[in-house]
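Please work out how this folds:
(one chain, ligands or ions: 1)
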Amino acid sequence: MAYCGKCGNQIEEGVKFCPACGAALQVAQPETVQSEPQQPVQPEPTAEEKLQQASATII
Ligand SMILES: [Zn+2]
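Sure, this is the predicted structure:
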């Protein structure tokens, strides 16, 4: 079941226009909506790596 994003009216599937407000209903395709460039995820250092860095600074 779909809902109108404009007025929130409940709309049967297959209907392209909201019968209440007449807004055009778009099929939800979140993958194509946002086209932000993907940034590489930098993994956080593990506890072991932190320990090694800490000991390296001490010595
Ligand atoms: Zn509507």
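
The ion contacts on the protein?
By the criterion of CB under 5 Å from the ion, the positions of the chain lying close to the ion are Cys4, Lys6, Cys7, Asn9, Cys18, Ala20, Cys21, Ala23. (C-beta placed from N, C-alpha, C; glycine too.)

where in the chain is pLDDT low?
Along the chain, segments meeting pLDDT under 70 span 27-35, 59.

Please narrow the residues of the chain next to the ion to those residing in strands.
Counting by DSSP state E, those place none of their members in strands.

hmm, which of those are the buried ones?
The neighbour-count test (16 or more other CB atoms under 10 Å) applied to the residues of the chain next to the ion identifies Cys4, Cys18 as buried.

Tabulate the residues of the chain next to the ion (JSON lines), appending distance to Glu48.
JSON lines is the format used below for the residues of the chain next to the ion (distance: CB to CB, whole Å):
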{"residue": "Cys4", "distance to Glu48": "53"}
{"residue": "Lys6", "distance to Glu48": "53"}
{"residue": "Cys7", "distance to Glu48": "55"}
{"residue": "Asn9", "distance to Glu48": "56"}
{"residue": "Cys18", "distance to Glu48": "56"}
{"residue": "Ala20", "distance to Glu48": "59"}
{"residue": "Cys21", "distance to Glu48": "58"}
{"residue": "Ala23", "distance to Glu48": "55"}
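
Could you check how far the closest residue to Pro45 other than its chain neighbours is from the ion?
The spatial neighbour of Pro45 that comes closest, neighbours along the chain excluded (CB to CB, 6 or more residues apart in numbering), is Gln53 at 7.4 Å. Applying CB to the ion, to the nearest Å, one obtains 57 Å for the distance of Gln53 from the ion.
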